[in-house]
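Enquirer: Task: produce atomic coordinates for the following.
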Amino acid sequence: MTLRGLPRRAENTLRLFGEPYETPDGTTVITVTSPPGVFAIREGEAKFEPAVDATRVALLAVGTGLVAATLGTLAVLRRPPWPDLTGRWER
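Expert: Here you go, the predicted model:
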């Protein structure tokens, strides 16, 4: 089946694939909405490239680490891990 032989979508259906287009170097690119990314077809080999923003993932990881460190620090300051030294000494 060629790309031209792919069935067209009806107007009331969800569209998962975009229209294929060809780059100047001969690669055919097809966008995908779920999961987001593109299929690149070059020399008969198809490869899926996910649309992931590595900077956003790294910032999310750093933010999560900072929140966890802050909460851990507040928990230790509020209730230290060592035993209480206040109290009455019995003789």
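Enquirer: if I look at the closest residue to Val32 other than its chain neighbours, how far off is Trp82?
Expert: With Cβ to Cβ, 6 or more residues apart in numbering as the criterion, Val32 has its nearest non-adjacent residue at 5.9 Å, and that residue is Phe17. Every residue, glycine included, has its C-beta placed from N, CA and C. Going from Phe17 to Trp82 by Cβ to Cβ, to the nearest Å gives 61 Å.
Enquirer: More neighbours: which of the two?
Expert: The neighbour comparison of Phe17 against Trp82 (other Cβ atoms under 10 Å) goes to Phe17, with 13 against 5.
Enquirer: Show the contacting residues for that one.
Expert: By Cβ atoms under 8 Å, 6 or more residues apart in numbering, the residues touching Phe17 are 30-33.
Enquirer: and if you look at Asp25?
Expert: Arg42.
Enquirer: what are the bridge partners for Thr31, then?
Expert: Counting by DSSP bridges, Thr31 is bridged to Val38.
Enquirer: So it is in contact with Val38, correct?
Expert: Yes: the pair Thr31 and Val38 qualifies as a contact (Cβ atoms under 8 Å) at a distance of 5.3 Å.
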